[in-house]
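J.: here are the coordinates; sequence isn't available:
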């Protein structure tokens, strides 16, 4: 049996879960998340725990079991605590500014790059070289942070660009002159 799929998901106080067939809605202090799951997975709530079961041990059902449990767990954590991704802007003259609901990036182009906040996502800029993406939906937070990073990925020679705070850039030596 799936080790991940077998673990029950604790539902903290202040979070409500509605299960209608295979559509699950989770409500909490950070918002409401709704998702449809595969029809073969049975989702039930027993007290303050969510339990995911599968019909048999076929390969597809085994993989769906762990996936369904992880997605449900991410929904519960998201509406209760939320998710965040931190980005760093590195380079001479590179900086980020929050202008209303827009993120304005000066990242070495002849123009400013403007990224609009979307529903379910909050952008914070604590310092000019740090951007924090916050939200309840883990996939949406990761995708939005990846789209910001894509505007100017870090380069391996000087390390200039936008990178995740926990990302390590493998540096290259550069040209070697004639000796």
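T.: Arrived safely, thanks for sending. Treat the numbers as computed from the prediction; the structure is a model and nothing was measured.
J.: Can you give the distance of stretch 41-60 from its chain's centre?
T.: Relative to its chain's centre, stretch 41-60 lies at 24 Å (CA atoms, centre = their mean, to the nearest Å).
J.: same deal with stretch 17-33?
T.: Put simply, stretch 17-33 sits 18 Å off its chain's centre (CA atoms, centre = their mean).
J.: Show me the beta-bridge partners of residue 105.
T.: residue 96, residue 113 (DSSP bridges).
J.: Now for it: which residues touch it?
T.: 89, 94-96, 112-115, 148, 151-152, 162 (CB atoms under 8 Å, 6 or more residues apart in numbering). All C-beta spots, glycine's among them, are computed from the backbone N, C-alpha and C.
J.: what's the closest of the residues you listed to residue 56?
T.: Taking CB to CB as the measure, residue 56 lies nearest residue 148 of the contacts of residue 105, at 43.0 Å.
J.: The closest one contacts residue 87, doesn't it?
T.: Yes - using CB atoms under 8 Å, residue 148 is in contact with residue 87, at 6.0 Å.
J.: For these two, list the residues in contact with both.
T.: 131, 133, 162.
J.: Contacts made by the lengthiest helix in the chain with the rest, please.
T.: In the chain, assigned by DSSP state H, the helix with the most residues is helix 59-80. Around helix 59-80, the neighbours that count as contacts under CB under 8 Å, 6+ apart are 1-5, 7, 9-12, 14-15, 17, 24, 26-33, 35, 37-38, 40-41, 43, 50, 52-55, 83, 135-138.
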